[in-house]
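Undergrad: I would like the atomic coordinates for the input below:
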Amino acid sequence: MQNNDKQRYYPLRDPENPTKVTLISITEEQYRSLYPEIWRIRNREQNHGCCMCPKCYLWKCDSQCDLCEYHAPNTISFNDPLPDGEGTLGDYIPDDNSSIEDVVADRQLLAQLIDRLRQLDPEADTIIQLWKDHPEGISDRKIAEALGRPQRTFADQMKKYRTDLRRIRNGK
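TA: All right, here's what the predicted structure looks like:
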């Protein structure tokens with residue numbers, strides 16, 4: 001049998017007993033129009049920890065999760081109000097992001113360091129651009145080649161620059 005001749009089925013729930021499912025025959029065209037949406041919903045529910053359907057019963061899935069016996073009840077949303085009415089669960093989860101003050105301080109420090117590097121080296125913008133173009137890191141040797149400087153001379157200069165920039169960063 002070729003793949004196109006394969007018989008396709010759709011799970012139809014019994015109105016009186018939603019846990020009872022009967023398979024009805026559907027065409028390939030109906031299958032291709034119905035099932036991508038069913039798969040999308042089931043995958044979303046599985047990713048959110050709401051679908052607990054065993055693999056051997058996935059054939060029963062018609063994406064009507066509220067009627068499914070394998071749908072996890074009592075799921076909690078971070079936006080649901082707490083029983084005492086004092087905000088939501090999301091209000092009590094700590095934020096791991098940096099505070100705006102830290103971000104501003106870091107930006108100011110970075111601006112200071114860049115200004116100082118520009119004072120120390122006339123080709124600082126080229127060096128900065130090379131660092132930007134290589135976020136994984138670039139060796140002093142490659143930067144020296146791009147600037148047309150001897151590697152050892154450039155390495156010595158960078159050592160002095162880094163010492164000076166560390167002093168600024170540490171506030172000394």
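Undergrad: Extract the CA atoms of the helix or strand where residue 46 lies and return them as CSV.
TA: Element membership for residue 46 (DSSP states H and E) is helix 28-47. What follows is helix 28-47, C-alpha atoms only, in CSV (Å, rounded to 0.1, in the frame of the first residue of the first chain):
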residue,chain,number,x,y,z
GLU,A,28,-6.6,12.6,3.4
GLU,A,29,-7.5,16.2,2.7
GLN,A,30,-9.6,16.4,5.9
TYR,A,31,-6.7,14.8,7.8
ARG,A,32,-4.2,17.4,6.5
SER,A,33,-6.5,20.3,7.4
LEU,A,34,-7.5,19.1,10.9
TYR,A,35,-4.4,17.5,12.4
PRO,A,36,-1.8,20.3,12.3
GLU,A,37,-4.0,22.3,14.6
ILE,A,38,-4.6,19.3,16.9
TRP,A,39,-0.8,18.7,17.1
ARG,A,40,-0.1,22.3,17.7
ILE,A,41,-2.6,22.5,20.6
ARG,A,42,-1.4,19.2,22.1
ASN,A,43,2.3,20.2,21.9
ARG,A,44,1.5,23.5,23.6
GLU,A,45,-0.4,21.8,26.4
GLN,A,46,2.4,19.2,26.8
ASN,A,47,5.0,22.0,26.9
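Undergrad: If you count neighbours, what's buried in that helix?
TA: 35, 38, 41, 42, 45 (16 or more other Cβ atoms under 10 Å). The C-beta positions use only the backbone N, C-alpha and C, and glycine is treated the same way.
Undergrad: with these in mind, which one is nearest to residue 127?
TA: residue 45 (51.3 Å; Cβ to Cβ).
Undergrad: I'd like to know how far the closest one sits from residue 144.
TA: 56 Å (Cβ to Cβ, to the nearest Å).
Undergrad: can you check residue 8 too?
TA: In this view, residue 8 and residue 144 are 66 Å apart by Cβ to Cβ.
Undergrad: count of neighbours near residue 61?
TA: Residues contacting residue 61 under the criterion other Cβ atoms under 10 Å number 20.
Undergrad: same question but for residue 109, I mixed them up
TA: Residue 109: 14 neighbours (other Cβ under 10 Å).
Undergrad: now swap in residue 126 and tell me
TA: Neighbours of residue 126 (other Cβ under 10 Å): 13.
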